Every structure is written in structure tokens, then in C-alpha cells.
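**Student:** just a sequence and a predicted model for now, questions to come.
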Amino acid sequence: MNFVDKTLKCRECGTDFVFTAGEQEFYQQKGLMNQPGRCPSCRATRRQASGGSGSRERAPREMHTVICAECGAETQVPFLPKNDRPVYCSPCYDKVRVARD
């Protein structure tokens, strides 16, 4: 299929922009049926406002309050501790890890 550059009008800002033959071919290869409704600038602004390059923003990790097995300080960890394993605060974990190496 031969593609020809098309001039489209951005539905966001009203500016004319070119939907190139190369972009049209890319859209077809990816199975995208619709042509873009926004100019590249408005698409980039929208993408940035929604958290990046199409990636989904992660939900905050659930943190669990525990008592450090080494120093007794209260700390939080991003996993559900098992009763049979010691859990350490960050400074104590660093010490224990260095001692193991």
C-alpha cells in the first residue's frame, strides 16, 4: 500500500500537522485503525501529564511495621514478614549482609 503524507488538524490546539507516510505505515503495522487526532506536541503534553511514555504509574507499596531483630527499633518493610525469619531495620540489615559476605 502506498502512503502519502496527510495534513491533519489537531483537535486539542487546532494546529495543522503532517501525518507522514512513514507514520501511517507504522500505524498500519501496529494494527492502529485511527489516525492521530492530536499534533505531536499535544500528544507529548498529554503523555507527560498522564505519567510518562505510556507506562502505568505504580500503586504505592503496602508497608508493614515490624521490630528489628537486632536493635529492637520499629521499622517498616515492603513485605509481609514470616514469624520464623528475623527482620532488620536498614542499618542492621546492612551490617548483617556485610557480615555474611
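**Tutor:** Received it, and whenever you're ready, just let me know what you need. Numbers count the residues shown, from 1 in each chain.

**Student:** residues making contact with stretch 14-28?
**Tutor:** Residues from elsewhere that reach stretch 14-28, judged by CB atoms under 8 Å, 6 or more residues apart in numbering: 1-10, 35-36, 39-41. No exception for glycine: its C-beta is placed from N, CA and C like everyone else's.

**Student:** can you show me the helices along this structure?
**Tutor:** With helices called from DSSP state H, the chain shows them at 21-29, 40-49, 90-100.

**Student:** run through the protein and note the low-pLDDT ranges.
**Tutor:** Across the chain, the ranges flagged by pLDDT under 70 are 51-58.

**Student:** domains in it, by residue range?
**Tutor:** Annotated domains of the chain cover 6-49, 64-100 [automatic domain parsing].

**Student:** mind putting those domains into JSON lines with mean neighbour count?
**Tutor:** JSON lines is the format used below for the domains of the chain (neighbours: other CB atoms under 10 Å):
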{"stretch": "domain 6-49", "mean neighbour count": "13"}
{"stretch": "domain 64-100", "mean neighbour count": "12"}
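
**Student:** hang on, the earlier thing: same list, the helices of the chain, but as a markdown table with distance to Asn83 please.
**Tutor:** Below are those laid out as a markdown table (distance: least, CB to CB, whole Å):
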| stretch | distance to Asn83 |
| --- | --- |
| helix 21-29 | 54 |
| helix 40-49 | 45 |
| helix 90-100 | 18 |
